[in-house]
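Trainee: from the sequence below, what's the structure:
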Amino acid sequence: MTDRKWTLKSIAAHLGVSNATVSNAFNRPDQLSKAKREEILAACHELGYFGPNKAARSLRKGTFNIVALVLPDSVEYMVSDPVASSFMRGVAKVLEPQGINLLLFSGNAESVNDIVDFVDGFICYGRPRNTKLITHLEALSKHVVTVDFELDNKASVNINNHEAAYTVAKQAFTGFETTSDNTSDNIEAAILGLRLLDTELICRVYDHHLPELNTSIAHQRLAGFRQAINELGIVIGDDKTWNIPESSERYARIAAKEALNTSPRPNVLLCMSDLIALAAAREAQAQDIKIPEELKIVGFDGIDEAELFQPAITTIHQNSENKGQQAAELFINKEKQQVMLPFNLKLGQST
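Mentor: Here you go, the predicted model:
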């Protein structure tokens, strides 16, 4: 009889009790004697009925105890990224004790229409690449918290990516001799950027390719790198900035190899993630380029692997787990606050 699709009404009729009695056995145990409740639950279990339809009840109540976590890329890619994984751990640490479940949603989708009626709201981690999805999120009446970007009238959690990138770039340029006018003419810098362009290609980035700056954390970091470069009077070639489509060893190693084989060869690599910096360091070691004597490398994020690498990577440490916790707390409290979290320069031996 377990193949039968039971409803509250049909199971009550089968057991010869009222609908209210079955409902109370599952939801209001204080309304029944212990013996009666156990008798009904045991009978229901044997028949394969496990309680009133929770989806229908959620629809009636208008709450589902589900938050959609909108990711900037495919779920497969994001769960393998150590920074994103740390962020998701922070979100779950706050939501799970409250009985709230997470639904991972790919930012490659055009809209959230398929799930909007079955979730209580959205935490959006990183600006989705699909602008239609951004427009849809802006128009939602349900609570939305954004992370690493902002939407009008929505709560957000960020760090100052421009300032952080400027700080780590300044560190990369320490130790070089400067002229009397505080400029340096012996620095050859290159930038290994992450998703500066909306393309899956590894390619050089020229100014006319770039959209308006500050539209993403990548553009904010690029602006910070360039501020440090300009303040030192460094001339960086138009062909010394690369777009890397994802923060992975495979893609970053290709870009790093290309950068290190340009002439003149860079002696500073500014990398927009630690994974990119690690790939660049491995490529440099494969080419017998000494770090930091011949090549200084900086990263961004502060993942454990960057600290354990030899030489340890100088980077910006942002507490991604705490960022996730902050986003979840803003969601639970239904706040529309803009939270700016601190970052730290983490010195390694790569500079």
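Trainee: would you confirm that Ser106 contacts Tyr77?
Mentor: No - Ser106 is not in contact with Tyr77 according to Cβ atoms under 8 Å; the separation is 9.2 Å. For the C-beta atoms, the positions are set from N, CA and C on the backbone; glycine is no exception.
Trainee: hang on, Cys124 in a helix?
Mentor: No - read with DSSP: H, G, I helix; E, B strand; the rest coil, Cys124 is strand and lies in no helix.
Trainee: ok, now how distant is it from Gly224?
Mentor: Separation of Cys124 from Gly224 (Cβ to Cβ, to the nearest Å): 23 Å.
Trainee: what about the two, which has more around it?
Mentor: Under the criterion of other Cβ atoms under 10 Å, the comparison of Cys124 against Gly224 puts Cys124 first, with 27 against 24.
Trainee: tell me the pLDDT of that one.
Mentor: For Cys124, the pLDDT comes out at 95.
Trainee: so what's it up against?
Mentor: Residues near Cys124 by Cβ atoms under 8 Å, 6 or more residues apart in numbering: 70, 107, 137, 144-147, 149, 151.
Trainee: then Ser273?
Mentor: Contacts were defined as Cβ under 8 Å, 6+ apart; by that measure Ser273 touches 83, 194, 247, 299-301.
Trainee: lowest-scoring secondary structure element of this structure by mean pLDDT?
Mentor: Least confident helix or strand, the chain: helix 54-61 with a mean of 56, by mean pLDDT, DSSP states H and E.
Trainee: I'd say Ser23 and Leu8 touch.
Mentor: Yes - Ser23 is within contact range of Leu8, at 6.4 Å (criterion: Cβ under 8 Å).
Trainee: list residues touching both of these two?
Mentor: By Cβ under 8 Å, 6+ apart, Ser23 and Leu8 have these common neighbours: Pro52.
Trainee: mind listing the helices for the stretch 251-351 of the chain?
Mentor: Ranges of helices in the stretch 251-351 of the chain, per DSSP state H, counting those that start in this stretch, are 274-286, 304-308, 320-332.
Trainee: nearest to Ala256, out of these?
Mentor: Proximity to Ala256 (Cβ to Cβ) singles out helix 274-286 among these, at 3.9 Å.
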